[in-house]
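Asker: Below are the sequence and a predicted model; questions follow.
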Amino acid sequence: MDKLDTSLVGGFPFDLNDVEWLQNAIRGPFKGVADAFGPGYVLSGCEVTDLGAGTYAITAGWVVLLGELFEYEGTAGTSLPGGIALYSFAADQTLDPSGVEVFEDISSQNAYIKRRAVLGITGVVPDMTPVVGMRLVDRITEMLAYEVPGPWHILDDPGEPALGGGYFQGSGAQRVMFRKEPGGIIRIKGILNAASVGVSNGVAFTLPAGFRPTTGLPLTGVLVKPALLSPVNAHRYAYLTSSGDFVVYLPVSDPADLVDIYNLANFPTFFAEN
C-alpha cells in the first residue's frame, strides 16, 4: 500500500495532486480486498421492509460497486413500481455545499464530491448491484461451503481397492488412483501396467461404493499408450459398470495387442452414485 513520506522537511508544496495520490493509495488496496468477494454486493445494512402497495423501507448501509465502497443513506418509504426485485444500487455523485472554497484566483469552487449509492432500475446503467442480491455474509457463507476435491485413493495402498486381472501399478505420480471432486464428479488417472504383452481381457480393479457411476449403462473410454512409448497408436478399451468394475478389453477387430502399459487420463469423468 502506498504512503506519503511525512518525515521530509523544508516546506512540502502540498496541493490537490497530493490529495488525489493519497486517495488512490487507499482506493487501490481496498478494491483488491473487495474484489475477493465479487464485483458488487451489500456490505452491511440495506435491510428491506415491504410496506405494501409497492412501497418499501430500506435501512442505511454500505454497498460495494466494482470494488468501491458507497454509502446508502436509506429511506423510510419509497415507491418502487413493479416491485423491489427490479431495482439495484448504482453509483451517484453530487457536490457537498460545505465544500465551497475561495481559490487563489479569487474564484469560488467546490472540491467536495459526495459519492453515494442510490436506487435505480436494474440494467439502466452499468455496474449495478441488486437491492435484494448478494450480501457479503451470503458471499462468505458460499465461500465457506465450497466443496474441495477429496483425497486421491491410490490402488493397492492399505485400505484401498487392489489391482487384479494381470495388471499392476506404475511408480510415483503415475500410480493408478481416483478421487471425488466438487459436484460428485469422479476422476481416474494413472498408468495401468500389464504383467505381460497381451494380457487377457478382465477386471483391472473395482471402485468402492460411493465412487461408482450413477448410470446403469457401462461407461466406456479409450486407454491410450503414452506418447513416449512405441507404437503410440496402440490402445485398448475399458468400461466401468454400475457395480464399479473397471474392465479392460481388446476389441476383436484389433489383430493383436502389442502394448502392456496404458494411460487412464483419457477415461471420462462421471457422476458418482448417491
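Answerer: Received, thanks.

Asker: distance between the ends of stretch 169-179?
Answerer: This stretch, stretch 169-179, spans 17 Å end to end (Cα to Cα, to the nearest Å).

Asker: can you check stretch 1-8 too?
Answerer: The stretch stretch 1-8 measures 19 Å between its terminal residues, going by Cα to Cα.

Asker: How about that stretch, which residues are buried there?
Answerer: Of the residues in stretch 1-8, none has enough neighbours to count as buried (16 or more other Cβ atoms under 10 Å). Quick note: C-beta positions are derived from backbone N, CA and C, even for glycine.

Asker: same check, this time on stretch 86-95
Answerer: Residues of stretch 86-95 classed as buried by neighbour count (16+ other Cβ under 10 Å): 87-91.

Asker: One more: stretch 128-145?
Answerer: By neighbour count, and taking 16+ other Cβ under 10 Å as the criterion, the buried residues in stretch 128-145 are 128-131, 133-136, 139.

Asker: ok, back up a step: any chance of the buried residues of stretch 86-95 in TSV with secondary structure, pLDDT and distance to residue 164 as columns?
Answerer: Below are the buried residues of stretch 86-95 laid out as TSV (DSSP: H, G, I helix; E, B strand; the rest coil; pLDDT from 0 to 100; distance: Cβ to Cβ, whole Å):
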residue	secondary structure	pLDDT	distance to residue 164
87	strand	85	63
88	strand	86	60
89	strand	89	62
90	strand	87	64
91	strand	89	65
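
Asker: ok, these vs residue 245, which is closest?
Answerer: Sorting these by how near they are to residue 245, with Cβ to Cβ, puts residue 88 at the top with 53.5 Å.

Asker: List the residues that contact that closest one.
Answerer: 119-123, 128-131, 133 (Cβ atoms under 8 Å, 6 or more residues apart in numbering).

Asker: so where does the residue sitting furthest away from the middle of the chain fall, helix or strand?
Answerer: Relative to the average C-alpha location in the chain, and by Cα atoms, centre = their mean, no residue lies farther out than residue 106, which sits at 54.9 Å. Secondary structure assignment for residue 106, by DSSP states H and E: no helix or strand.

Asker: Can you tell me which of the buried residues of stretch 128-145 end up in strands?
Answerer: Secondary structure assignment (DSSP state E) places 129-130 from the buried residues of stretch 128-145 within strands.

Asker: Adding distance to residue 191 and pLDDT, write the buried residues of stretch 128-145 out as TSV.
Answerer: Formatted as TSV, the entries for the buried residues of stretch 128-145 read as follows, by distance: Cβ to Cβ, whole Å; pLDDT from 0 to 100:
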residue	distance to residue 191	pLDDT
128	52	71
129	50	77
130	50	79
131	55	82
133	48	70
134	44	70
135	48	79
136	46	82
139	41	72
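
Asker: quick one: the helices in the stretch 101-250 of the chain?
Answerer: Counting by DSSP state H, counting those that start in this stretch, the stretch 101-250 of the chain has these helices, from start to end: 136-144.

Asker: low-scoring stretches of it, by residue?
Answerer: With pLDDT under 70 as the threshold, the stretch 101-250 of the chain has low-confidence stretches at 122-127, 142-143, 145-146, 171-173, 195-201, 215-218, 222, 224-236, 250.

Asker: can you do 80?
Answerer: 121-130, 132-135, 137-147, 170-173, 183, 194-201, 214-237, 249-250 (pLDDT under 80).

Asker: May I see the buried residues of stretch 128-145 organised as TSV, with distance to residue 22 added?
Answerer: Putting those into TSV (distance: Cβ to Cβ, whole Å) gives the following:
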residue	distance to residue 22
128	29
129	27
130	33
131	32
133	32
134	31
135	30
136	26
139	29
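
Asker: Closest one of the buried residues of stretch 128-145 to residue 147?
Answerer: Once Cβ to Cβ is applied, the member of the buried residues of stretch 128-145 that ends up nearest residue 147 is residue 139, at 16.2 Å.

Asker: Which residue, other than its chain neighbours, is closest to the closest one?
Answerer: When the adjacent residues along the chain are set aside, residue 139 lies closest to residue 37, with 4.6 Å between them (Cβ to Cβ, 6 or more residues apart in numbering).
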